[in-house]
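Trainee: okay, here's the prediction I keep looking at, along with the sequence it came from:
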Protein chains: 2
Amino acid sequence: MAVVFRHFSLLSPPPPPPSPSRFPPPRSSFVRSAASSPSRSPSPASSMEAADKFMEFPHVSAPHRSLMIGLVSAVEERLGPQLLPCALPHDVRYYQNDAGSARGSLHVRRGQGSSKVDFMLGSWLNCQLPTGGSLNITSLSAYLNNSTDAPNFLFELIRSSPTSLVLILDLPPRKDLVTSPDYLSTFYEETQLESRRQALEKLPEAQPYFSSSLYIRCVVSPTAIMLRIESEAGKAEQLDEIIESHVSPVAREVLGIWLDKCAAVDRNVDEEDGAYLERRDGITKRKTIEIDLGSSFPRLFGPEIANRVLDVLREVYGV
Amino acid sequence: MAVVFRHFSLLSPPPPPPSPSRFPPPRSSFVRSAASSPSRSPSPASSMEAADKFMEFPHVSAPHRSLMIGLVSAVEERLGPQLLPCALPHDVRYYQNDAGSARGSLHVRRGQGSSKVDFMLGSWLNCQLPTGGSLNITSLSAYLNNSTDAPNFLFELIRSSPTSLVLILDLPPRKDLVTSPDYLSTFYEETQLESRRQALEKLPEAQPYFSSSLYIRCVVSPTAIMLRIESEAGKAEQLDEIIESHVSPVAREVLGIWLDKCAAVDRNVDEEDGAYLERRDGITKRKTIEIDLGSSFPRLFGPEIANRVLDVLREVYGV
């Protein structure tokens, strides 16, 4: 999520609060309910609607939506028996600002009892830009708990215009790779992740993307796929073709590697290792929230909604 | 040095051992002496010649040479009183293969007594390519000891053709930045290193460079300048202009930051921190040597010279 929110800083200057006249009032009854009531006790109907809303990915192109649904489904199908149902309040499962110019959805399922999964977290955000376009950010991440030291999973697509995309796809390591060459070898060299990175990097429309947050650069692995992909002006369909033919297969492969080689593998984690993981994961998560708080998220959604979402994230992250 | 030797793998296929007829015998008396005698007891004359040889940087363009001499001189002027004279054997200060198609020079000065400097290490390499061109690699690195946890310094220029260059310029961190946000802030954010990276990255001739070694990618910082710079075909002078007008000022600035903010600053390193640094530095150095051994260096220089140089490096690195 840090990476998601951080990317609002891509927008410069930050979008001012839009005037109500430019944004029509929300149309669905759920959206009205979520926007007008701060209550955390949803009716069964709105709760159901909020749950559906996440998997709708309603503001993105068909290939983008199809990719996200495919990834979330793959995780839920494979890890489903280990995961508790999503228990988020409905006004965090779906939220929008008062002006109706920005909206988002969160989906969190925690691992249960003996699972190695700490939680999976899906998210989408849509916001109208003052320039008339819109920004869409979708993400899926999965964190393991300290019964294993295997890497986490991170996927994000940030579409800041019809012809411009930022892609982040990685298995962020949970140890210092400089002092853990065996870990580097097991999870990054033997899995051939670099070949996937190179497959996308060589696209003529792609160029390396550097996060504005130095901390985020440190958190990712040496095979992290961090790319800006741009199609020719006016050729949005070219970007969607790239999502369908290039990004989707690589994202599915990398997720497959994570499911097979990380989430499903027993690792020897003794007490000392477990304490180290707890400390390192904790710092990463705290720093993540801190970066979120410093971002444009509160500006977009207002302090009430921003705090509500961040409070839930803090609870999920356990920080 | 790992990065230096590793870059031989840029050359694909690796250059075969050249036939003696293609490479004229060496002309200087020193070169003949070094090539024909394995003795490590140089005469005063050849020792002097070998020492001079390093600062000659004899096979690179004037701007490239000027940059290297400037950087080495800046370190020696500033840290000179803390450094012991170079005590390398003459056949490591300057070495070449039997065919005379590859040659190199090493220059090492260790820190003395109370200095925070472990050692500085300069190097150049030149080798004729089967295609008729030549490869030139020059580097300067400086390692601090475990009386401080401040970052090291690393600079390398790899010119694989008159119109193609790889630049590596970094202050490699000595702690896991994920668990050390304050360290990240002190040495990488407050020093504005990112602005230097961006200044070079935005050159139209530059593109990000990814080392083929995942370990090297882990060792560098999030503001590491790792670029491939290419001028138009036939326009070698364009690349030299870039070295002079862009690379040199940034390299001098980054070295200045290292001299002011890393090498000259007292840091609180307690016993536990010192033991951690010793362990982490040790792993980095051992891994560095291992990467060197796995590279094309022995193929270029033959096992005898390669082992001689690597033995000296092992001793310098203390691994």
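Mentor: Received it, and whenever you're ready, just let me know what you need.

Trainee: ok, now how distant is A:G256 from A:R196?
Mentor: With the distance defined as C-beta to C-beta, to the nearest Å, A:G256 ends up 11 Å from A:R196. The way it works is simple: take the backbone N, C-alpha and C, and place the C-beta from them, glycine included.

Trainee: between those two, which has more neighbouring residues?
Mentor: Set side by side, A:G256 and A:R196 give different neighbour counts by other C-beta atoms under 10 Å in any protein chain shown, the larger being at A:R196 (19 against 12).

Trainee: who in the stretch 201-319 of chain A is up against chain B?
Mentor: The stretch 201-319 of chain A has residues A:207-208, A:214-215, A:217-219, A:222-223, A:279-280, A:283-284, A:287 near chain B, with proximity defined as C-beta under 8 Å from any C-beta of the partner chain.

Trainee: are we agreed that A:R159 is in a helix?
Mentor: No - residue state for A:R159 (DSSP: H, G, I helix; E, B strand; the rest coil) corresponds to strand; a helix is not indicated.

Trainee: what's the closest non-adjacent residue to it?
Mentor: When the adjacent residues along the chain are set aside, A:R159 lies closest to A:N136, with 4.7 Å between them (C-beta to C-beta, 6 or more residues apart in numbering or on different chains).

Trainee: direction included, what does the helix or strand containing that neighbour pair against?
Mentor: With the criterion set as DSSP states H and E, the secondary-structure element containing A:N136 is strand A:134-144. Sheet pairing of strand A:134-144 (DSSP bridges) gives strand A:117-128 (antiparallel), strand A:153-161 (antiparallel).

Trainee: turn those strands into CSV, columns for mean pLDDT and mean neighbour count.
Mentor: Written out in CSV, the entries for those read as follows (pLDDT from 0 to 100; neighbours: other C-beta atoms under 10 Å in any protein chain shown):
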stretch, mean pLDDT, mean neighbour count
strand A:117-128, 95, 22
strand A:153-161, 96, 23
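
Trainee: got a markdown table for those, with distance to B:R267 too?
Mentor: Formatted as a markdown table, the strands paired with strand A:134-144 follow (distance: least, C-beta to C-beta, whole Å):
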| stretch | distance to B:R267 |
| --- | --- |
| strand A:117-128 | 35 |
| strand A:153-161 | 33 |
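
Trainee: quick one: which of these is nearest A:Q238?
Mentor: Checking these against A:Q238 by C-beta to C-beta gives strand A:153-161 as the closest, at 12.8 Å.

Trainee: picking that back up, could you flag which of the residues of the stretch 201-319 of chain A next to chain B are buried?
Mentor: Among those, those classed as buried by 16 or more other C-beta atoms under 10 Å in any protein chain shown are A:L214, A:Y215, A:R217, A:C218, A:V219, A:P222, A:T223, A:R280, A:I283, A:T284, A:K287.

Trainee: got the contact list for the residue lying closest to the third one once chain neighbours are set aside?
Mentor: The shortest distance from A:R217 to any residue other than its chain neighbours is 3.7 Å, reached at B:P222 (C-beta to C-beta, 6+ apart). Residues counted as contacts of B:P222 (C-beta atoms under 8 Å, 6 or more residues apart in numbering or on different chains) are A:L214, A:Y215, A:R217, A:C218, B:L177, B:L184, B:Y188.

Trainee: next, give phi and psi for B:P222.
Mentor: phi -70, psi -10 (degrees, to the nearest 10).

Trainee: the residue of the stretch 51-200 of chain A found nearest chain B in helix, strand or coil?
Mentor: Chain B sits closest to A:D176 of the stretch 51-200 of chain A, with a gap of 3.7 Å, by C-beta to the nearest C-beta. Secondary structure, three-state DSSP: A:D176 is coil.

Trainee: and it, what does it touch?
Mentor: Residues near A:D176 by C-beta under 8 Å, 6+ apart: B:D176, B:V178, B:T179, B:R280.

Trainee: doesn't the third one belong to a helix?
Mentor: No - residue state for B:T179 (three-state DSSP) corresponds to coil; a helix is not indicated.

Trainee: so where do the strands sit in the stretch 1-150 of chain A?
Mentor: Assignment of strands within the stretch 1-150 of chain A using DSSP state E, counting those that start in this stretch yields the ranges A:95-96, A:102-110, A:117-128, A:134-144.

Trainee: right, so of the ones you listed, which gets closest to B:R228?
Mentor: Minimum separation from B:R228 across the strands of the stretch 1-150 of chain A (C-beta to C-beta) falls at strand A:134-144, 30.7 Å.

Trainee: alpha carbons of the closest one, as PDB, please.
Mentor: Only the C-alpha atoms of strand A:134-144 are listed here, as PDB (Å, rounded to 0.1, in the frame of the first residue of the first chain):
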ATOM      1  CA  SER A 134      -8.400  10.000 -14.200                       C
ATOM      2  CA  LEU A 135      -5.900   8.100 -12.100                       C
ATOM      3  CA  ASN A 136      -6.400   4.400 -11.400                       C
ATOM      4  CA  ILE A 137      -4.300   2.400  -9.000                       C
ATOM      5  CA  THR A 138      -4.800  -1.300  -8.400                       C
ATOM      6  CA  SER A 139      -2.700  -3.500  -6.100                       C
ATOM      7  CA  LEU A 140      -2.400  -6.900  -4.600                       C
ATOM      8  CA  SER A 141       0.100  -7.800  -1.900                       C
ATOM      9  CA  ALA A 142       0.500 -10.800   0.300                       C
ATOM     10  CA  TYR A 143       2.500 -10.900   3.500                       C
ATOM     11  CA  LEU A 144       3.800 -14.000   5.200                       C
END
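
Trainee: pLDDT on that strand, on average?
Mentor: Confidence over strand A:134-144 (mean pLDDT, whole number) is 95.

Trainee: now do that strand: distance to the chain's middle.
Mentor: 2 Å (C-alpha atoms, centre = their mean, to the nearest Å).

Trainee: could you do stretch A:150-159 as well?
Mentor: The answer for stretch A:150-159 is 6 Å, by C-alpha atoms, centre = their mean.
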